[in-house]
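Trainee: Take a look and give me a structure for this.
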Amino acid sequence: MPRQRRRADPPYDARVGFYREEVLPRLVDRACGAAGLREWRLNVTAGLTGRVVEIGFGSGLNVDLYPPSVECVYAVEPAEVARRLADKRVEKSNIAIEHIGLDGQEIPLASESCDSALSTFTLCTIPDVQRALAEVRRVMRPGARLHFLEHGLSPDRRVARWQHRLEPLQMRLAGGCHLTRDASELAQSAGFVIDRVEQRYARGPKPWSWFTSGVAAKSE
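Mentor: Sure thing, here's the model as predicted:
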């Protein structure tokens with residue numbers, strides 16, 4: 001009887017690629033689409049106006065929350081699956097939404113062409129976050145405002161210690177997501193002036209639930 005050949009496992013990189021490209025966007029859609037986050041999203045999208053650039057558009061979880069003052073949204077999102085998941089939400093929207101690029105670090109828009117910018121649970125993941133914020137700032141007109149909602153480093157030392165311990169695993173499982181970034185500090189370092197900011201725990205395990213919601217103006 002001939003020996004049955006064992007099928008070789010796919011290369012490790014192929015498995016990782018499948019997880020990041022096919023599985024992770026669906027997990028993020030479920031996690032970030034939780035009902036408990038709707039109020040947070042409503043608060044951060046309030047006040048958006050005119051032409052909005054949204055980095056980390058994802059599966060379009062903010063689409064039905066844009067206020068009537070929004071004229072159009074330029075969406076930046078690298079994950080093809082996330083863009084497909086967003087299709088039905090985009091189709092139902094009364095606001096024009098255009099996917100313009102894959103990388104928040106290189107936004108294909110003219111300088112000073114946007115009236116607002118939006119980032120929700122995105123700054124934690126971008127590899128060169130300062131470069132991305134510089135790009136966002138470049139495409140915003142003077143006085144325009146960046147609205148952001150992010151999880152990040154807790155002020156509680158015990159929680160922060162766990163965040164630092166868990167971050168390497170978090171980055172591997174969640175597509176490079178950091179637990180120890182501070183969105184408010186990042187915005188200020190990029191040349192934005194904070195208008196308002198709220199920081200507190202949301203529901204859920206504390207290493208993942210210290211949220212920062214804020215609005216920052218592009219300085220002159």
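Trainee: Each with direction, which strands does the biggest strand by length in the chain pair with?
Mentor: Longest among the strand segments of the chain by residue count, using DSSP state E, is strand 140-151. Strand 140-151 pairs in its sheet with strand 114-120 (parallel), strand 210-218 (antiparallel), by DSSP bridges.
Trainee: This protein: strands as residue ranges?
Mentor: 50-55, 70-76, 96-101, 114-120, 140-151, 192-201, 210-218.
Trainee: Among those strands, which comes closest to Ala174?
Mentor: Nearest to Ala174, of all the strands of the chain, is strand 140-151, at 10.8 Å by Cβ to Cβ. Every C-beta, even on glycine, is put in place using the N, C-alpha and C of the backbone.
Trainee: tell me the angle the closest one makes with strand 192-201.
Mentor: Angle, strand 140-151 to strand 192-201, by axes from the mean of the first three to the mean of the last three Cα atoms, to 10 degrees: 20 degrees.
Trainee: What is the neighbour count of Ser111?
Mentor: By the criterion of other Cβ atoms under 10 Å, Ser111 has 10 neighbours.
Trainee: ok, it - contacts?
Mentor: 138-139 (Cβ atoms under 8 Å, 6 or more residues apart in numbering).
Trainee: Now do stretch 168-185: distance to the chain's middle.
Mentor: Per Cα atoms, centre = their mean, to the nearest Å, the displacement of stretch 168-185 from the mean C-alpha position of its chain is 11 Å.
Trainee: one step back: put together TSV for the strands of the chain, with distance to Cys177 and mean pLDDT on each row.
Mentor: As requested, the strands of the chain are exported to TSV (distance: least, Cβ to Cβ, whole Å; pLDDT from 0 to 100):
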stretch	distance to Cys177	mean pLDDT
strand 50-55	15	97
strand 70-76	17	97
strand 96-101	20	93
strand 114-120	13	98
strand 140-151	9	97
strand 192-201	18	96
strand 210-218	14	97
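Trainee: Make JSON lines out of those strands and add mean neighbour count and distance to Trp40.
Mentor: Listed next are the strands of the chain as JSON lines, based on neighbours: other Cβ atoms under 10 Å; distance: least, Cβ to Cβ, whole Å:
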{"stretch": "strand 50-55", "mean neighbour count": "24", "distance to Trp40": "16"}
{"stretch": "strand 70-76", "mean neighbour count": "21", "distance to Trp40": "18"}
{"stretch": "strand 96-101", "mean neighbour count": "15", "distance to Trp40": "21"}
{"stretch": "strand 114-120", "mean neighbour count": "25", "distance to Trp40": "8"}
{"stretch": "strand 140-151", "mean neighbour count": "20", "distance to Trp40": "6"}
{"stretch": "strand 192-201", "mean neighbour count": "14", "distance to Trp40": "9"}
{"stretch": "strand 210-218", "mean neighbour count": "21", "distance to Trp40": "6"}
